[in-house]
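Novice: missing the sequence, but the structure's below:
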Ligand code: NDP
């Protein structure tokens with residue numbers, strides 16, 4: 001079974017499929033958001049570090065879909081960690097997006113070398129939650145040990161952890177850690193887009209994998225739809241990125257078929273255990289050097 005929404009640990013309904021907008025720029029980002037919302041998407045995933053919050057906000061407006069119908073996520077960049085910095089960065093993000101609240105606010109990466117500030121950022125997110133300015137708070141790229149360290153100091157369990165997850169990199173231990181804490185897993189690069197922007201890493205990208213292509217043919221669906229369905233049947237949310245209207249529609253058209261146990265097992269068997277992107281422990285602001293502009 002898979003559902004169009006997933007109930008978070010605070011009772012909020014998270015649409016299981018959303019639109020990702022990493023590397024969607026300018027009018028392409030606006031058009032992708034408008035197209036997605038008009039096609040029926042209700043979850044949009046951006047970040048201060050994607051430099052398109054203004055364009056995403058414009059896309060929401062142009063779609064004609066009411067703000068209250070949309071689940072909007074943005075993420076806090078590491079250089080804005082710390083309590084006061086986080087509150088300021090939140091104000092900047094919502095001003096760029098043109099909204100007055102967020103559905104989900106995430107810390108974009110753990111920053112172990114600056115853990116005090118990481119915790120202070122999370123506490124600011126808890127404060128925003130208490131004030132009703134965000135409806136849920138979460139993290140991204142937190143490995144199990146980061147979650148354990150976070151929960152020693154936090155009051156609120158993150159509703160979501162967004163991590164690299166696709167057939168080539170399935171992270172069973174990470175998922176087990178989420179289950180133990182009641183955190184919803186959200187897959188980034190859910191169809192393996194990471195190989196497009198981080199290099200192929202010697203791996204066959206999931207969309208080209210013969211096993212997945214065979215399953216797709218058997219169901220009369222596309223490889224992307226099969227992979228997204230695999231995420232859904234595993235109880236995860238996924239946020240495929242596209243700026244191509246036909247693909248945006250294709251990626252949401254995943255609720256009318258069911259993968260068999262054998263299909264699921266075959267995809268489970270594709271795990272290489274190797275990330276396509278950087279290890280979160282290495283993702284410092286020095287390595288990913290971004291400057292977030294003011295609103
Ligand atoms: P995806 O796995 O979503 O793949 C996106 C790529 O696949 C694009 O090149 C897109 O091309 C192409 N594509 C999309 N749909 C199809 C389809 N149906 N058939 C064939 N090709 C398709 O990769 P991303 O890395 O973008 O991850 C998705 C989202 O996850 C990001 O946009 C972002 O929101 C989030 N993310 C979060 C991170 C974090 O640190 N928290 C890190 C990385 C991503 P085109 O656009 O040209 O159609």
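Specialist: Done, it's in. The model shown is predicted, which means the values in this text are computed figures rather than measured ones.
Novice: okay, now the residue of the stretch 151-295 of the chain found nearest the ligand: neighbour count?
Specialist: Residue of the stretch 151-295 of the chain nearest the ligand, by C-beta to the nearest ligand atom: residue 193 (2.0 Å). For every residue, glycine as well, the C-beta is placed using N, CA and C. Using other C-beta atoms under 10 Å, residue 193 has 21 other residues around it.
Novice: And the one 5 residues further on, by the same measure?
Specialist: The number of residues packed around residue 198, counting by other C-beta under 10 Å, is 14.
Novice: and if you look at residue 266?
Specialist: Residue 266, neighbours per other C-beta under 10 Å, totals 17.
Novice: show me the contacts for it.
Specialist: 211, 215 (C-beta atoms under 8 Å, 6 or more residues apart in numbering).
Novice: quick check, it in a strand?
Specialist: No - Residue 266 is assigned helix when assessed by DSSP: H, G, I helix; E, B strand; the rest coil, not a strand.
Novice: re earlier: distance check, the residue of the stretch 151-295 of the chain closest to the ligand against residue 259.
Specialist: 21 Å (C-beta to C-beta, to the nearest Å).
Novice: Same question for residue 130.
Specialist: With C-beta to C-beta as the criterion, residue 130 and residue 259 are 41 Å apart.
Novice: repeat for residue 158
Specialist: Counting by C-beta to C-beta - residue 158 and residue 259 are separated by 28 Å.
Novice: go on, residue 35?
Specialist: The gap separating residue 35 from residue 259 is 27 Å, by C-beta to C-beta.
Novice: again with residue 66
Specialist: As defined by C-beta to C-beta, residue 66 lies at a distance of 34 Å from residue 259.
Novice: Comparing these two, which residue is more hemmed in?
Specialist: Ranked by neighbour count (other C-beta under 10 Å), residue 66 and residue 259 place residue 259 first, with 21 against 9.
Novice: Surely residue 253 is in contact with residue 225?
Specialist: Yes - between residue 253 and residue 225 a contact is recorded at 6.6 Å, counting by C-beta atoms under 8 Å.
Novice: and the residue in the chain sticking out farthest from the centre, which of the three is it?
Specialist: What lies farthest from the middle of the chain is residue 218; by C-alpha atoms, centre = their mean that is 28.9 Å. Under three-state DSSP, residue 218 falls in the helix class.
Novice: what do you get for residue 246?
Specialist: Three-state assignment for residue 246 (three-state DSSP): helix.
Novice: what helix or strand is the closest residue to residue 87 other than its chain neighbours on?
Specialist: Once flanking residues are discounted, residue 87 sits nearest to residue 124: 5.4 Å by C-beta to C-beta, 6 or more residues apart in numbering. Under the criterion of DSSP states H and E, residue 124 resides in helix 115-130.
Novice: packing partners for the helix or strand just after that helix?
Specialist: Scanning forward in sequence from helix 115-130 by DSSP H and E, the next helix or strand is strand 137-140. Packed against strand 137-140 by the contact rule (3 or more C-beta pairs under 8 Å, 6 or more residues apart in numbering; DSSP states H and E) you find strand 104-107, helix 115-130, helix 144-153, strand 160-164.
Novice: Single out the most deeply packed of these.
Specialist: Burial of those is given as mean neighbour count (mean count of other C-beta atoms under 10 Å); strand 104-107 ranks first at a mean of 27.
Novice: Which strands or helices does that one pack on?
Specialist: Right, strand 104-107 is packed against strand 71-76, helix 115-130, strand 137-140, strand 160-164 by 3+ C-beta pairs under 8 Å, 6+ apart.
Novice: Distance from that strand to the middle of the chain?
Specialist: 10 Å (C-alpha atoms, centre = their mean, to the nearest Å).
Novice: That strand and the ligand, any residue contact?
Specialist: No - using C-beta under 6 Å from any ligand atom, strand 104-107 stays clear of the ligand, with a minimum separation of 7.3 Å.
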